[in-house]
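Peer 1: What follows is a predicted structure for the sequence shown.
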Protein chains: 2
Amino acid sequence: MKPALAFRIEARDPRTAARTGRLRLLRGEVRTPAFMPVGTAGAVKGVLPAQLRGLGAEIVLGNTYHLLLRPGPDVVRAAGGLPAFMGWHGPMLTDSGGFQVFSLAQVRRITEEGVRFRSHVDGREVMLSPERSIEVQHALGADIIMAFDECPPGQAGRAEVRRAVERTLAWAERCVRVHRRAGSEQALFGIQQGGTDPALRRQCTERLLELDLPGYAVGGLAVGEERAATFETLAVAAPLLPADRPRYLMGLGKPDDLVEAIGLGIDLFDCVVPTRNARNATAYTAAGRLNLRNARFRTDWGPLEEDCDCHACQSVSRAYLRHLLLVGEPLAGTLISIHNLRFYMRLCAAARAAIAQGCYAEWAGRFLERFRGGQS
Amino acid sequence: MKPALAFRIEARDPRTAARTGRLRLLRGEVRTPAFMPVGTAGAVKGVLPAQLRGLGAEIVLGNTYHLLLRPGPDVVRAAGGLPAFMGWHGPMLTDSGGFQVFSLAQVRRITEEGVRFRSHVDGREVMLSPERSIEVQHALGADIIMAFDECPPGQAGRAEVRRAVERTLAWAERCVRVHRRAGSEQALFGIQQGGTDPALRRQCTERLLELDLPGYAVGGLAVGEERAATFETLAVAAPLLPADRPRYLMGLGKPDDLVEAIGLGIDLFDCVVPTRNARNATAYTAAGRLNLRNARFRTDWGPLEEDCDCHACQSVSRAYLRHLLLVGEPLAGTLISIHNLRFYMRLCAAARAAIAQGCYAEWAGRFLERFRGGQS
């Protein structure tokens, strides 16, 4: 069965690699570049699906690792898949679980077969392999699923990164095999690894492209390396991926990261930053980020951002949000998450408009100058 | 200045003391009997004002004690009052802070002047007196404010309760004096105390009525005494209050408590039960309460309640809510709070309809039989 995915690029910026288009998936259409709010364990923390829809989210990410542990793939499958389970009736993407296995769990043993680890929840021993990851992602039923990869840390040596590339490629082949055999309409994306080494990125991509997948991701960035190295690598890594297929930069990033990466040809993003930082009192605005615990907001009756149309900005003040944070009221996280996600959605919409008008470089320059000039 | 309050009783049940009517206040109208969601520190935990409005709440309660400590009355006054501060543009009621001083703070000294206590937040020493409570409630700016009273615990002896009644009456006079002098349009309610002693309740009420206030509350119930004693006392206490003014039963209760108390002539309620219990996995339905941590809900794809129109019941299953509770996702509290508050709103609406049709006793009997028969 062919994957339910059609990617149409509608405009390319003349002076950067930025492009804008539409990604048609099983459950609907996503305008790219697009940001995916992260719904870790079947919920974007503090934000309801109806609120996500209202703030303009078109696709949401779910974490296979978390859902594998709780409630387990059988429960989600019986619910009719993750979108039905969580009440988000739109496009979704699930990651493979690989990244969380290496970052959250206590890894017991990595073999060619897969990874044996202890659950960070209850210490239970669990096995995740390419076959098992795909099987679980079939149960979750997202529109886009990801190959099971090995993501070495940013400080890994070249030999370790090379071994991870080899394993990632071998595992990707096994993912493709089991996925095609199952006859699923879900679109399986491959993941490029290779650390910050351009040659490894190239070698990894060449062999990955033989799998002829409907989309590809850049993995293994922002895992501990310097920010400059992240973007130097991305500038090499992104153009290696086929220009006619969606490119997904995994796990990044801050607003200025998105703006830079869009200029390098990235179409899809996910990151916990807008929601996790919201719960930690950080709000994003075009003029930089605000730390709402700051005493200067004590009697600041303005909205988080003057021209923002989000529910938080339309209904409460910075002073009120600061108060909610100081008393530990979780509604603060909800309201600032709504604002931050809306900020990301408006950022992507503005980027799409600038690309369509052929002035992405100018727009991005202005955005970055104002955003980086205004950190407080 | 006359208080902005008009209470019109539209129907009285022929065989109980239940009545239904409309309470017109500074910021709008409230249909009675009405339940007030509790917005402790300027927010109903986990539920946005727009959601409260959507589920039918017409009046919200704020806690003077919490807001006095954080963010302080000056901040709330500068915001334009508590409704503007929290973005709830409807009727509000604030309590006097008395109950929380006695239940949360470390009381240092009670004198005729007032109560000196240590804040439960930072140990700071604070003084709350009748004059200070009214001053703070003027800053908060709710439609209805409450006299500062002394609420002895349920196990207090008769002498202690008698002393608390005397103090409550003396303090009420001082509240009225400072309130009238300020020329506020806010409606000040008096509070009846007297423990479970009918004679003390009567004496307290006789002298309280001399103050000619626009509404009265029954205080000092459900503070540790047996449930039977609560309702025996209420059956004596409620009819003592003037039939043409709103009667508010403070701090109660569970759904069946509301149904019984409405039958005894109560018009207004507040309680943390629907929201606090929601966060602790308890959902209320007409067939009793559900403990959503129970394993039997693991693959229960039904809504919390079959015929409920709330956002939770319209969008997610019991199995999903159980999952959110087990992984510690605060959205569980939000969704179950929305359901529970909607359940309370529908309960009050059904009670009003039954009173209007003159069949409250029958309706209440059926409700209690089904509700109490179905605890799980």
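Peer 2: Arrived safely, thanks for sending.
Peer 1: Identify the residues contacting stretch A:342-355?
Peer 2: A:11-13, A:18-20, A:31-35, A:55-57, A:255, A:258-259, A:262, A:274, A:284-286, A:305, A:308-310, A:360, A:362-364, A:367 (CB atoms under 8 Å, 6 or more residues apart in numbering or on different chains). (C-beta placed from N, C-alpha, C; glycine too.)
Peer 1: Same check on stretch A:67-82?
Peer 2: By CB under 8 Å, 6+ apart, stretch A:67-82 touches A:41-42, A:62, A:85, A:92, A:94, A:97, A:119-121, A:124, A:126, A:128, A:135-136, A:139-142, B:298-299, B:301, B:317, B:319-320, B:322-323, B:326-327.
Peer 1: Among those residues, which ones are in strands?
Peer 2: Applying DSSP state E to those, the entries found in strands are A:62, A:92, A:94, A:126, A:128.
Peer 1: Would you format those as JSON lines with distance to A:L169, neighbour count and pLDDT included?
Peer 2: Below are those laid out as JSON lines (distance: CB to CB, whole Å; neighbours: other CB atoms under 10 Å in any protein chain shown; pLDDT from 0 to 100):
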{"residue": "A:G62", "distance to A:L169": "25", "neighbour count": "29", "pLDDT": "98"}
{"residue": "A:M92", "distance to A:L169": "26", "neighbour count": "27", "pLDDT": "98"}
{"residue": "A:T94", "distance to A:L169": "21", "neighbour count": "26", "pLDDT": "98"}
{"residue": "A:V126", "distance to A:L169": "24", "neighbour count": "17", "pLDDT": "94"}
{"residue": "A:L128", "distance to A:L169": "18", "neighbour count": "22", "pLDDT": "96"}
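Peer 1: Determine which two of those are furthest apart.
Peer 2: For the ones in strands among the contacts of stretch A:67-82, the farthest-apart pair by CB to CB is A:M92 and A:V126; their separation is 22.7 Å.
Peer 1: just for the stretch 251-376 of chain A, where's the confidence low?
Peer 2: By pLDDT under 70, the weakly predicted segments of the stretch 251-376 of chain A are A:375-376.
Peer 1: now the helices: where do they sit in it?
Peer 2: A:255-263, A:273-279, A:311-315, A:318-327, A:331-356, A:360-373 (DSSP state H, counting those that start in this stretch).
Peer 1: To A:F7, which of those lies closest?
Peer 2: Proximity to A:F7 (CB to CB) singles out helix A:331-356 among these, at 14.4 Å.
Peer 1: tell me how far stretch A:144-163 is from the chain's mean position?
Peer 2: Centroid separation between stretch A:144-163 and its chain, computed with CA atoms, centre = their mean, to the nearest Å, is 17 Å.
Peer 1: Flag every buried residue along it.
Peer 2: A:144-152, A:154, A:156, A:161-162 (16 or more other CB atoms under 10 Å in any protein chain shown).
Peer 1: gap between the two ends of that stretch?
Peer 2: With CA to CA, to the nearest Å as the measure, the first residue of stretch A:144-163 is 26 Å from its last.
Peer 1: Show me the contact partners of stretch A:116-123.
Peer 2: Identification of contacts with stretch A:116-123 by CB under 8 Å, 6+ apart yields A:69-70, A:101, A:104-110, A:124-128.
Peer 1: quick revisit: give me the subset of the buried residues of stretch A:144-163 lying in strands.
Peer 2: Using DSSP E, those in strands are A:144-146.
Peer 1: Keep only the contacts of stretch A:342-355 that also lie close to chain B.
Peer 2: When those are checked against chain B using CB under 8 Å from any CB of the partner chain, none falls in range.
Peer 1: filter those residues to the buried ones?
Peer 2: If we count by 16+ other CB under 10 Å, those have these buried: A:11-13, A:18-20, A:31-35, A:55-57, A:255, A:258-259, A:262, A:274, A:284-286, A:305, A:308, A:310, A:360, A:363-364, A:367.
Peer 1: Flag every residue of chain A that's near chain B.
Peer 2: Chain A has residues A:41-43, A:45-50, A:66, A:70-71, A:75, A:78-79, A:85-87, A:298-299, A:301, A:311, A:315-317, A:319-320, A:322-324, A:326-327, A:329-331, A:333-335 near chain B, with proximity defined as CB under 8 Å from any CB.
Peer 1: Spit out the contact partners of A:A364.
Peer 2: So A:A364 contacts A:16, A:18, A:259-260, A:262-263, A:351, A:354 (CB under 8 Å, 6+ apart).
Peer 1: who touches the residue nearest the centre of chain A in this structure?
Peer 2: Most central in chain A under CA atoms, centre = their mean is A:D270, positioned 1.6 Å from the mean C-alpha point. Each residue near A:D270 by CB under 8 Å, 6+ apart is listed here: A:35-38, A:61, A:93, A:248, A:250-251.
Peer 1: before we move on, what about A:R318?
Peer 2: A:290, A:292, A:297, A:300-304.
Peer 1: domains of chain A?
Peer 2: If you go by automatic domain parsing, the domain ranges for chain A are A:5-271, A:278-373.
Peer 1: who wins for proximity to B:F231 among these?
Peer 2: domain A:278-373 (33.6 Å).
Peer 1: Most proximal residue of the stretch 1-150 of chain A with respect to chain B?
Peer 2: A:G87 (4.0 Å; CB to the nearest CB).
Peer 1: So what's the residue count around the closest residue to that residue other than its chain neighbours?
Peer 2: Using CB to CB, 6 or more residues apart in numbering or on different chains and skipping residues adjacent in sequence, the residue nearest A:G87 is B:S315, 4.0 Å away. B:S315 is flanked by 17 other residues according to other CB atoms under 10 Å in any protein chain shown.
Peer 1: I figured B:S315 hits A:F85, correct?
Peer 2: No: B:S315 lies out of contact with A:F85 (CB atoms under 8 Å); the separation is 11.0 Å.
Peer 1: what's near enough to touch whatever residue of the stretch 151-300 of chain A ends up closest to chain B?
Peer 2: Nearest residue of the stretch 151-300 of chain A to chain B, counting by CB to the nearest CB: A:T299, 5.5 Å away. With contact taken as CB under 8 Å, 6+ apart, A:T299 is in contact with A:319, B:75, B:78-79.
Peer 1: Looks like the residue of the stretch 1-150 of chain A closest to chain B contacts A:R53 (just checking).
Peer 2: No: A:G87 lies out of contact with A:R53 (CB under 8 Å); the separation is 10.3 Å.
Peer 1: more neighbours, the two?
Peer 2: Higher neighbour count among A:G87 and A:R53: A:G87, with 19 against 14, using other CB under 10 Å.
Peer 1: quick one on the thing from earlier: got a winner among the contacts of A:T299 for most neighbours?
Peer 2: Counting neighbours by other CB under 10 Å, B:A79 leads the contacts of A:T299 with 24 neighbours.
Peer 1: This completes my enquiry, with thanks.
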